[in-house]
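# Below is the structure, and that's it, no one-letter string:
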C-alpha cells in the first residue's frame with residue numbers, strides 16, 4: 001500500500017517521487033486513519049528505510065529536534081539511527097534495531113519492547129512494536145511507539161506504596177515483638193511480686209498473728225486479732241488461686257494433708273498415715289478450704305485440688 005502524504009510532510013508526495021500512479025481513495029482513507037492514531041507510526045522497507053510516518057511521529061520528531069536526536073523523517077534509515085545512538089538510551093536503541101532486523105529476516109512475526117525516553121519536560125516511557133505487513137512483496141515493517149508514561153508512573157506509585165506497606169508491616173511486627181517481650185516481663189514481675197507478698201505474709205506476719213491468737217487476750221483484743229487475720233486472708237485470697245503460689249501459703253503438714261486428700265484418702269486414713277488425730281485432719285481440711293476460698297460447702301475439696309494440679 002502506498003500512502004499519500006501531500007500537504008502533510010512537505011515536498012513531493014511519496015507516490016509521485018517514486019514515479020507511481022496517484023493513490024486510490026482507499027489509500028487516502030488509510031492515510032487519514034493512520035494520522036488519527038496517537039501512536040507514533042513509521043513504515044520501513046526491507047533495508048530499514050523510513051517510507052512513511054504519521055502525524056504523531058512527525059510531531060514528536062519536530063518537538064525533539066535540536067535536543068541531540070537524529071532526524072528520523074522519511075528517507076532516513078531507521079536502523080542506522082538506532083545503530084548510531086549514544087547516551088543513556090543507546091542500549092535500548094541497539095535492542096530495537098536487532099528486534100526490527102529479526103522481523104525483517106522473518107525470524108519473528110513481531111517484536112515488542114518498552115523503554116524510557118526522558119526529556120527536560122519530564123519522565124516518559126514508550127511501548128515499541130514492530131510487525132511485518134501481510135504478504136511477502138514488497139516487504140514492509142510497521143513500527144509503532146505508544147506513550148505509556150501514565151502506566152509506568154502508576155506502576156512506580158504502586159511499587160512505592162507496596163514498599164511503604166512492607167515497611168509498615170515490618171515496623172508493626174517489630175512493635176508486636178517488643179510488646180510481647182514487655183508483657184512477658186510484666187507477667188514475670190507480677191508473679192515475683194505475688195510470691196514476695198505471700199512469702200512476707202507467711203514469714204513476717206502470720207507467725208505473729210498465730211502467737212497473738214495463742215496469747216491470753218481479752219475478748220475485744222482477740223476480736224481485733226481475728227479481724228486482722230481475716231483481712232490478711234482477704235488480701236492474699238486472689239493469689240491463692242494460682243497453683244504456683246499454693247505451696248508458699250500451705251504449711252508442711254497442710255501440704256501433706258492436701259496431697260492425701262487429692263489421692264482420695266479419708267480423714268481417718270490420713271490421720272493414721274500422718275500419726276495425728278482425726279480432729280487435726282478435719283482442722284486442716286477447714287483451713288485448706290479457707291485458704292483456697294472454697295466458701296460454698298457444695299464445692300468438693302478433692303475436686304478443687306485435682307483441678308489445680
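Nice, thanks for sending it over. Owing to the predicted nature of the structure, the values given are computational and were not obtained by experimental measurement.
# Who are the packing partners of the helix or strand hosting residue 79?
Residue 79 is part of helix 78-83 when elements are defined by DSSP states H and E. Counting contacts by 3 or more CB pairs under 8 Å, 6 or more residues apart in numbering; DSSP states H and E, helix 78-83 packs against strand 40-44, helix 90-104. For the C-beta atoms, the positions are set from N, CA and C on the backbone; glycine is no exception.
# Please point out which parts of the longest one sit buried.
Burial within helix 90-104, assessed by neighbour count using 16 or more other CB atoms under 10 Å, is assigned to 92, 93, 96, 97, 99, 100, 101, 103, 104.
# That one vs strand 40-44, what angle?
With axes from the mean of the first three to the mean of the last three CA atoms, to 10 degrees applied, the angle from helix 90-104 to strand 40-44 works out at 50 degrees.
# Output the helices and strands packed on helix 78-83 as CSV; include the columns mean pLDDT and distance to residue 235.
Listed next are the helices and strands packed on helix 78-83 as CSV, based on pLDDT from 0 to 100; distance: least, CB to CB, whole Å:
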stretch, mean pLDDT, distance to residue 235
strand 40-44, 91, 86
helix 90-104, 91, 80
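# With residue 166 as the reference, name the closest of these.
helix 90-104 (29.9 Å; CB to CB).
# Need the contact partners of that closest one.
44, 46, 48, 78-79, 81-83, 85, 108-113, 115-116, 128, 130-132, 139, 141, 143 (CB atoms under 8 Å, 6 or more residues apart in numbering).
# starting at the chain centroid, how far to that helix?
Its chain's C-alpha centre lies 39 Å from the corresponding centre of helix 90-104 when counted by CA atoms, centre = their mean, to the nearest Å.
# which parts of the helix or strand following it are buried?
Next in sequence after helix 90-104, counting helices and strands by DSSP H and E, comes strand 110-116. Residues of strand 110-116 classed as buried by neighbour count (16+ other CB under 10 Å): 111, 113, 115.
# just stretch 128-140 next, same as before
The neighbour-count check on stretch 128-140 (16+ other CB under 10 Å) flags 128, 129, 130, 131, 132, 140 as buried.
# got a list of what the fifth one touches?
By CB under 8 Å, 6+ apart, residue 132 lies in contact with 103, 104, 106, 109, 110, 139, 140, 141, 142.
# pretty sure the last one is in a strand, no?
Yes. Assessed by DSSP: H, G, I helix; E, B strand; the rest coil, residue 142 belongs to a strand.
# can I assume it is in contact with residue 128?
No. At 11.4 Å, residue 142 does not count as touching residue 128 under the criterion of CB atoms under 8 Å.
# what mean pLDDT would you report for stretch 172-179?
Regarding stretch 172-179, the rounded mean pLDDT is 91.
# And for stretch 78-85?
For stretch 78-85, the mean confidence score works out to 90.
# Show residues contacting it.
Outside stretch 78-85, the residues that touch it by CB under 8 Å, 6+ apart are 42, 44, 47-50, 70, 72, 93-94, 96-97, 100-101, 143.
# So what's the gap between it and the chain middle?
The mean C-alpha position of stretch 78-85 is separated from the chain mean by 45 Å, CA atoms, centre = their mean.
# Kindly reformat the helices and strands packed on helix 78-83 as TSV containing distance to residue 63.
Formatted as TSV, the helices and strands packed on helix 78-83 follow (distance: least, CB to CB, whole Å):
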stretch	distance to residue 63
strand 40-44	11
helix 90-104	19
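# of all those, which lies closest to residue 158?
Nearest of these (CB to CB): helix 90-104, 23.1 Å.
# Between strand 110-116 and that closest one, find me the angle.
Here helix 90-104 runs at an angle of 170 degrees relative to strand 110-116 (the same axes, to 10 degrees).
# For residue 33, list the residues it contacts.
Contacts of residue 33 (CB under 8 Å, 6+ apart): none.
# Would you tell me what helix or strand it is located in?
Residue 33 belongs to helix 25-36, assigned by DSSP H and E.
# Can you give me the buried ones in that helix?
Buried residues in helix 25-36, counted by 16+ other CB under 10 Å: 30, 31, 34, 35.
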